[in-house]
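# only geometry, no sequence info:
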């Protein structure tokens, strides 16, 4: 484990911790001394990251479930509070990808599932941890937004709408709770090597229209690159950074 223990004694919830950006983030916080609650729908992935943290001398516990359900959200927060004494940092990272569909091709099921998982679930979890952060007089919330939070050419209609919602939620929290010692920021990843699945029909309107823009993406950044940005935004070094959507995309947002 690292000798830099700036998060020692802090309780950190990371959603989607079983793989990709979430896994890298959970490991990065643990390396800096945080006690990690690793939440994931995949029980094996959550257990594996908890085992890896423990093997390195850290503290972690797994919570398995679909965070679009209120009972799972409540259970996750209860676990964090009862196991580690509170919630100092919340990383709302879990999410799913759409099929790159244009608005006219999005089914009700896809729309409702994308918004429920990618926007409603982070809201529910944020709402659940806020009382604990308010009681403590401090807290940091970091969302995994997306290039699709910043533009209309990075994903399909449902994913883009949900991630624009994450950007708005981040900024609303930052403004509303800034005097209470609570900060909210987000990263906006570009191409990143993760396990997220994209099931798109290459001949459909959405993928055809987006193909020209997607071709401008550089090489995928490692999940650890995104994790480093998340840890920074949650750290004291970023204590005056609030309401920011930080692109971590090798300059894609500048194009």
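Everything's here; your move. Because the structure is predicted, anything quoted here is derived from the model rather than measured.

# phi, psi of residue 188?
The phi/psi pair for residue 188 (degrees, to the nearest 10) reads phi -120, psi 90.

# that one and residue 229: what is the separation?
To residue 229, residue 188 is 10 Å away according to C-beta to C-beta, to the nearest Å. All C-beta spots, glycine's among them, are computed from the backbone N, C-alpha and C.

# between those two, tell me which one has more neighbours.
residue 188 (27 against 24; other C-beta atoms under 10 Å).

# for that one, give me its contacts.
Contacts of residue 188 were listed using C-beta atoms under 8 Å, 6 or more residues apart in numbering, and they are 145, 146, 147, 149, 150, 167, 245, 246, 247, 248, 249, 253.

# picking up where we left off before, return every residue with contacts to both of residue 188 and residue 229.
246, 248.

# the closest residue to residue 144 other than its chain neighbours: neighbour count?
Excluding the flanking residues, the one nearest residue 144 by C-beta to C-beta, 6 or more residues apart in numbering is residue 93, at 4.3 Å. Residue 93 has 27 neighbouring residues, counting by other C-beta under 10 Å.

# for residue 72, same thing?
Considering only other C-beta under 10 Å, residue 72 is surrounded by 19 other residues.

# what sits closest to it if chain neighbours are left out?
Spatially, and ignoring its direct neighbours in sequence, residue 72 is nearest to residue 65 (3.6 Å; C-beta to C-beta, 6+ apart).

# is it true that the one you found touches residue 43?
No. Counting by C-beta atoms under 8 Å, residue 65 does not reach residue 43; the two are 9.2 Å apart.

# ok, these two, which is more surrounded?
Here residue 65 and residue 43 are compared on neighbour count by other C-beta under 10 Å; more neighbours surround residue 65, at 16 against 13.

# in contact with residue 173, which residues?
Counting by C-beta under 8 Å, 6+ apart, residue 173 makes contact with 126, 141, 182, 184.

# what mean pLDDT does stretch 65-84 have?
Here stretch 65-84 scores 97 as its mean pLDDT.

# quick one: buried residues of it?
Buried residues in stretch 65-84, counted by 16 or more other C-beta atoms under 10 Å: 65, 67, 68, 72, 73, 75, 76, 77, 79, 80, 84.

# which member of the residues you listed is positioned nearest residue 23?
Comparing the buried residues of stretch 65-84 against residue 23 with C-beta to C-beta places residue 67 closest, at 16.1 Å.

# does that closest one sit in a helix, a strand or a coil?
Per DSSP: H, G, I helix; E, B strand; the rest coil, the secondary structure class of residue 67 is coil.

# quick one: it from residue 235, how far?
Distance, residue 67 to residue 235, using C-beta to C-beta: 24 Å.

# repeat that for residue 253.
Remark: distance between residue 253 and residue 235 (C-beta to C-beta) = 22 Å.

# swap in residue 173?
Residue 173 sits 18 Å away from residue 235, taking C-beta to C-beta as the criterion.
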